[in-house]
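Undergrad: structure, please.
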Amino acid sequence: MKNIAALALVSTIALVSCNKKETAKITKVDPKTGKTVTVEVPADSVITVEANPAIKDSLGIFKQSFKLEKGKTYPLTTYQRDVKTMTDPQGKSITATSESTDEMNFVVNDIKGNVYDLTLNLVAKRNSQSAQGKTLVVDTKLPEPKEEDLKMLWIVNRALTSNKLNVKMDTKGNVISITGFEPIYTKVANAVGALVKDPTQKAGVTANLKETFNEKILKDQLSKNLTLIPKKGVKIGEKWTNSENADPNGKIKVTSNYTLKSAGNGIVEVSISGGIPKKTEKQAQGPITHSMSSELVQNGTIKFDQNTGWIANQNINVKTSQIETISDGKQSQSMKSISNSSVMVNPSGK
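TA: The predicted model follows:
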């Protein structure tokens, strides 16, 4: 009888042992307390982190680098959605929605020393605008639009896509060079020439393209999207700040406050907040006062693949408010504009 009881006890222990799930530990910031905590999660939900990942922890400090594999493709698709509502002095509102998608990817051709030789594929572009029940779409994956005023944009975008640029980038994410622009400029000029006969207008299109699509601008875009963690490294919960000009004169600055939120499950997550503080400017001319107040608020998250260092996903929400008021001291009229934007990189779903 004792043997049967003992056997039953052993069976129960074995059953409990078999049913107990293995766990793994990840480090993150507790959203309620703001403190760094280590929590256990089911092991089967955790992505294996390599012994020497691209974003690695050294004595609690995380530094970013890149570990890309030859022959592999890494996506970099950007998506932005803006919903803008304008309200006139009588309280009547109009809402318009615009969306844009730039689909790109990088193929690793070779690795020499600490420098990657990459092909940047410009895959596709899509733009859409919706207002008052009507939607206009310009998509390089679709046929040329019937609307005459959209044909030029489609022709330029179509000529821009299905092209390649060569990129040299080191393992720290510093873009050394980007080449291959001239053949694209020629392709766009030839495509525009089929629609535009005036040489001055044609030259204007090409000149504008060279100003907005060149090595300097693309380097800046890649730097902002690919590298974010400070070179010195940061700890979980540590904050840092960047600012950039919001106007050509540099009088208005956009401040971005970053926090290394968590590292675990193969993902390093950074949160972002900040924006442009509310500012009001007034100008008086006789009895008439004209005032303009504006504010920008942003918040969201940016996630990186810990093993490769490549951006996995970005989702930032931006709200811009602007109120313009004219007053004669007795009465006033105001125009209000509110814009809510979603700025994404490699969106998993819109």
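
Undergrad: buried set for stretch 125-133?
TA: Across stretch 125-133, burial judged by 16 or more other Cβ atoms under 10 Å covers Lys125, Arg126, Asn127, Gln129. Quick note: C-beta positions are derived from backbone N, CA and C, even for glycine.

Undergrad: repeat that for stretch 332-349.
TA: By neighbour count on 16+ other Cβ under 10 Å, the buried set for stretch 332-349 is Lys336, Ile338, Ser339, Ser341, Ser342, Val343, Met344, Val345, Asn346, Pro347.

Undergrad: just stretch 90-109 next, same as before
TA: Here stretch 90-109 shows Ser98, Glu99, Thr101, Asp102, Glu103, Met104, Phe106, Val107, Val108 as buried, counting by 16+ other Cβ under 10 Å.

Undergrad: list the contacts for the nearest residue to Val234 once chain neighbours are set aside?
TA: Closest residue to Val234 apart from its sequence neighbours, by Cβ to Cβ, 6 or more residues apart in numbering: Leu260 at 4.8 Å. Leu260 makes contacts with Phe62, Ile229, Val234, Lys235, Ile236, Gly237, Glu238, Val268, Glu269, Val270, as judged by Cβ atoms under 8 Å, 6 or more residues apart in numbering.

Undergrad: could you redo the last one with a cut-off of 7 Å?
TA: Neighbour list for Leu260: Phe62, Val234, Lys235, Ile236, Gly237, Glu238, Val270 [criterion: Cβ atoms under 7 Å, 6 or more residues apart in numbering].

Undergrad: selection in PyMOL covering whichever of these are buried, please.
TA: This is how PyMOL selects the buried members of these, with burial counted by 16+ other Cβ under 10 Å:
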select buried, resi 62+234+236+237+238+270
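
Undergrad: and the contacts of Leu260 as TSV, adding pLDDT and secondary structure?
TA: What follows is the contacts of Leu260, written out as TSV (pLDDT from 0 to 100; DSSP: H, G, I helix; E, B strand; the rest coil):
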residue	pLDDT	secondary structure
Phe62	96	strand
Val234	96	strand
Lys235	96	coil
Ile236	96	coil
Gly237	96	coil
Glu238	96	coil
Val270	97	strand
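
Undergrad: so which of the contacts of Leu260 is the closest to Tyr185?
TA: Of all those, Val270 has the smallest distance to Tyr185: 35.8 Å, by Cβ to Cβ.

Undergrad: pretty sure that closest one contacts Leu228?
TA: Yes. Using Cβ atoms under 7 Å as the test, Val270 is close enough to Leu228 to be in contact (6.0 Å).
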